[in-house]
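K.L.:
attaching a predicted model along with its sequence, questions to come.
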Amino acid sequence: MDSSIRSLFTNNKGDFSRNRKLPLSRLVALILNMPKRSLSIEVNEFFSTLGLEYEESCGKSAFCLQRTKLNPLFFSVWNDWLVSLFYQHYGEDVKRWRGFKLQAVDGSTAYLVNKPEVIDYFGIAGNGECKVPMARVMQVYDILNEVTVWGNMYPVKVSERSIMHYRIQCFAEDSLSIFDRGFPSFALMYLMENQERPRYFVMRCRGDFNKETLAFLQGNENDCTVELKAGYKAIRTLRDQGYLTTAETSLKVRMVKVELSTGEIEILLTNLYNQLNYNVLDLKELYRLKWAIETSYSHQKNQQQMEQFSGHRSICILQDYLAGLFVSNLQCLIEKQCEPYLQEKNKTRKYRQKINKNVSWAALKHNIVKLFLFSNPEKILLVLQKEFERNIEPKRPGRHNPRIKKSRRLTGKYYTVTNYRRAI
């Protein structure tokens, strides 16, 4: 890597300038290799994958020392570059909804290790009796193309809404963003509407969000457009963002009532004003599609083991999380190459087939090292594609099992789960 570029992602100018056993390229590959087990085992297997002898390898202490020199921003920029290349490469084949890149915006939390340095950086959350170290996770997910456009990890006290205030300017001009009911605010909608070109949104909100939504919920109309006025909190928030507003500043918003599968009535707010082009059923279907980001979080947490970190410092946690996003997107892109194979299989199967994601993580383990450090990446990509295609499973539409809460013992690290087995 060029020294000027390397300096952007290291703490000191001289970091990784010498040819050691664990240079920058190997360090990055080792972190990408999803090190979820004992570090000694992970490091030993890493060097075995490279075909190096014991004298040419290093131990876990050297790995822990070297990784502190690498800024986690490296993986974030790399993921941005990967996503950009995806849209550039697929071009007209990128899946869209009526011309829009359909993206879901949502947050989650991640449990962290109980270490003073981690608590100082990320903070703690919980009730009065039990508080644990926790981080705020935010992601923007391309629903139709199954790519995580952006993601990051923050101190748990930072709100999802405030994170989005600073992120909106990075949304693609042809994107349509779907938000859950924790996000609606005058300030956020105003920022979406008042970029150089408006960014389109659909937001679920509570009936008591404001007096306009409460009156709409209690009324007979199912679809109407109203003017909202800025409150003092919105005025202050927008001032911090560089927008001068007053109590007379208004915002045009369309409100739509939808009935969920549970029979519950919910309100959606949007700036898709054309009722003919985007009717109530269209908006209801859009909000239903948002569930894809919940599935993505489930894959990351339960299969990719997001909360299983390879280090006990905040820099290690951020590296693991951002590297995990890159690996997740790489898995999705390889999975896309399997689509012709799946289409052929679907001709003779009762149910549509899909790649077994859990098994695909195991296929990436160690092969991802070869992909970036060996001289034949095309051959390795084909090997991974064939391995993905060997492990497919049916999609069973409409299948729903009631959630049963189970009690379990509090001691012990391992127990059997009937619907899940670790792959990495």
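P.N.:
Done, it's in.
K.L.:
tell me which residues of stretch 35-49 come out buried.
P.N.:
35, 36, 39, 42, 43, 45, 46, 47, 49 (16 or more other C-beta atoms under 10 Å). For every residue, glycine as well, the C-beta is placed using N, CA and C.
K.L.:
these: which two are farthest apart?
P.N.:
Farthest apart among the buried residues of stretch 35-49 by C-beta to C-beta are 36 and 47. That separation is 17.6 Å.
K.L.:
buried sites along stretch 5-19?
P.N.:
By neighbour count with 16+ other C-beta under 10 Å, stretch 5-19 contains the buried residues 6, 7, 9, 10, 15, 16.
K.L.:
oops, could you answer that again for stretch 127-136 instead?
P.N.:
Using 16+ other C-beta under 10 Å as the test for burial, stretch 127-136 gives 133, 134, 135, 136.
K.L.:
not counting it itself, show me its contacts.
P.N.:
Applying C-beta atoms under 8 Å, 6 or more residues apart in numbering, the contact partners of stretch 127-136 are 107, 109-115, 118-119, 122-126, 153-158, 160, 163, 317.
K.L.:
could you rerun that using 7 Å?
P.N.:
Stretch 127-136 is contacted by residues 107, 109-114, 118-119, 122, 124-126, 153-156, 158 when judged by C-beta atoms under 7 Å, 6 or more residues apart in numbering.
K.L.:
check which helix or strand the residue most central in space within the chain maps to.
P.N.:
Nearest to the mean C-alpha position of the chain, counting by C-alpha atoms, centre = their mean, stands residue 139 at 3.9 Å. Using DSSP states H and E, residue 139 sits in strand 131-142.
K.L.:
now do that strand: distance to the chain's middle.
P.N.:
Relative to the mean C-alpha coordinate of its chain, strand 131-142 is positioned 9 Å out (C-alpha atoms, centre = their mean, to the nearest Å).
K.L.:
stretch 369-378 now?
P.N.:
26 Å.
K.L.:
let's have the buried residues of stretch 127-136 in JSON lines, adding pLDDT and distance to residue 357.
P.N.:
Listed next are these as JSON lines, based on pLDDT from 0 to 100; distance: C-beta to C-beta, whole Å:
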{"residue": "133", "pLDDT": "96", "distance to residue 357": "28"}
{"residue": "134", "pLDDT": "97", "distance to residue 357": "26"}
{"residue": "135", "pLDDT": "98", "distance to residue 357": "24"}
{"residue": "136", "pLDDT": "98", "distance to residue 357": "25"}
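K.L.:
thinking again about what came up before, reformat the buried residues of stretch 5-19 as a markdown table; add pLDDT.
P.N.:
What follows is the buried residues of stretch 5-19, written out as a markdown table (pLDDT from 0 to 100):
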| residue | pLDDT |
| --- | --- |
| 6 | 83 |
| 7 | 85 |
| 9 | 93 |
| 10 | 91 |
| 15 | 90 |
| 16 | 89 |
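K.L.:
and these, which is closest to residue 220?
P.N.:
residue 9 (58.2 Å).
K.L.:
ok, now which ones touch that closest one?
P.N.:
Residue 9 makes contact with 70, 71, 73, 74 under the criterion C-beta under 7 Å, 6+ apart.
K.L.:
strands along the chain, start to end?
P.N.:
Ranges of strands within the chain are 101-111, 124-126, 131-142, 147-155, 175-179, 200-205, 223-229, 250-259, 265-270, 353-355, 392-394, based on DSSP state E.
K.L.:
residue at max distance from the center of this structure?
P.N.:
Going by C-alpha atoms, centre = their mean, the residue of the chain most distant from its centre is residue 55, 39.4 Å out.
K.L.:
quick one: that one from residue 64, how far?
P.N.:
20 Å (C-beta to C-beta, to the nearest Å).
K.L.:
residue 88 versus the residue nearest to the centre of the chain, what's the distance?
P.N.:
Using C-beta to C-beta, residue 139 is found at 21 Å from residue 88.
K.L.:
C-alpha coordinates for the longest helix along the chain, CSV please?
P.N.:
Among the segments of the chain that qualify as a helix by DSSP state H, the longest is helix 314-336. Only the C-alpha atoms of helix 314-336 are listed here, as CSV (Å, rounded to 0.1, in the frame of the first residue of the first chain):
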residue,chain,number,x,y,z
SER,A,314,-12.9,-0.4,21.9
ILE,A,315,-10.6,-0.3,18.9
CYS,A,316,-10.8,-4.1,18.5
ILE,A,317,-14.6,-4.0,18.9
LEU,A,318,-14.9,-1.4,16.1
GLN,A,319,-12.5,-3.3,13.9
ASP,A,320,-14.4,-6.6,14.3
TYR,A,321,-17.8,-4.9,13.7
LEU,A,322,-16.8,-3.0,10.5
ALA,A,323,-14.8,-5.9,9.2
GLY,A,324,-17.9,-8.1,9.7
LEU,A,325,-20.0,-5.7,7.6
PHE,A,326,-17.5,-6.0,4.8
VAL,A,327,-17.5,-9.8,5.0
SER,A,328,-21.3,-9.8,5.1
ASN,A,329,-21.5,-7.7,1.9
LEU,A,330,-18.9,-9.9,0.2
GLN,A,331,-21.0,-13.0,1.1
CYS,A,332,-24.1,-11.3,-0.5
LEU,A,333,-22.2,-10.4,-3.7
ILE,A,334,-20.9,-14.0,-4.1
GLU,A,335,-24.5,-15.2,-3.4
LYS,A,336,-25.7,-13.0,-6.3
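K.L.:
other residues contacting it?
P.N.:
Helix 314-336 has contacts (C-beta under 7 Å, 6+ apart) with 31-32, 34, 67-68, 70, 72, 75-76, 78-79, 82-83, 86, 112, 117-118, 121-122, 146-148, 151, 153, 300, 304, 306, 309-311, 355, 360, 364, 368, 381, 384-385, 388.
K.L.:
in helices, which of those residues appear?
P.N.:
Per DSSP H, helices hold the following members of the contacts of helix 314-336: 31-32, 67, 75-76, 78-79, 82-83, 86, 117-118, 121-122, 360, 364, 368, 381, 384-385, 388.
K.L.:
please convert the buried members of those into ChimeraX selection syntax.
P.N.:
Selection of the buried residues among the ones in helices among the contacts of helix 314-336 in ChimeraX, burial being defined by 16+ other C-beta under 10 Å:
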select :31,32,67,75,76,78,79,82,83,86,118,121,122,360,364,368,381,384,385,388
